[in-house]
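Peer 1: whatever this is, show me its structure:
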Amino acid sequence: MSHPDGQLEADRVVLKELRDRCGELDAACVLITRFAQMLTTRSGRDKLERWVHDAQNSPLPELRGFATGLRKDWSAVMAGLSVHWSSGAVEGHVNRIKMLKRQMFGRAKPDLLRKRVLLVS
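Peer 2: Residues are numbered from 1 along each chain as shown. Just a heads-up that it's a prediction; the model follows:
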């Protein structure tokens, strides 16, 4: 789950041995690496169609299911892999507010919730 450049040499050797012994693991590593590169370089518009085709034809049912799920909302997936702006910061704030609300459920009035939301620690 880490970038290949950040792996220890011993981990690389073990992974290579495992990939040599198991063809399915090797196929999974190749497909997952290609998908990770699309995520980090935002090059989905050019490569996603080919990746999904390869994943659907792979021997791995998990990757086939994932690829089928991507096809269900193709336009959103394509935008997520090709558009350079993100709503991640907003989603983080929404998540924090929901957590505060859950913590305070039944214990505080809206004025205290408002103060906790506005006082960023």
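
Peer 1: so where is the protein shaky, pLDDT-wise?
Peer 2: In the predicted model, the chain carries pLDDT under 70 at residues 1-2, 120-121.

Peer 1: break this protein down into its structural domains.
Peer 2: Residue ranges for each domain of the chain read 4-82, 88-118, as given by automatic domain parsing.

Peer 1: so where do the helices sit in the protein?
Peer 2: 9-21, 23-41, 44-56, 61-72, 74-82, 88-103, 110-118 (DSSP state H).

Peer 1: can you tell me which of those is most buried?
Peer 2: A comparison of the helices of the chain by mean neighbour count, using mean count of other CB atoms under 10 Å, puts helix 44-56 on top with a mean of 16. Placement of C-beta: from N, CA and C, glycine included.

Peer 1: other residues contacting that helix?
Peer 2: By CB atoms under 8 Å, 6 or more residues apart in numbering, the residues outside helix 44-56 that reach it are 31, 34-35, 38, 63-64, 66-68, 70-71, 77-78, 80-82.

Peer 1: ok, now stretch 7-14?
Peer 2: Residues outside stretch 7-14 that contact it (CB under 8 Å, 6+ apart): Pro4, Leu15.
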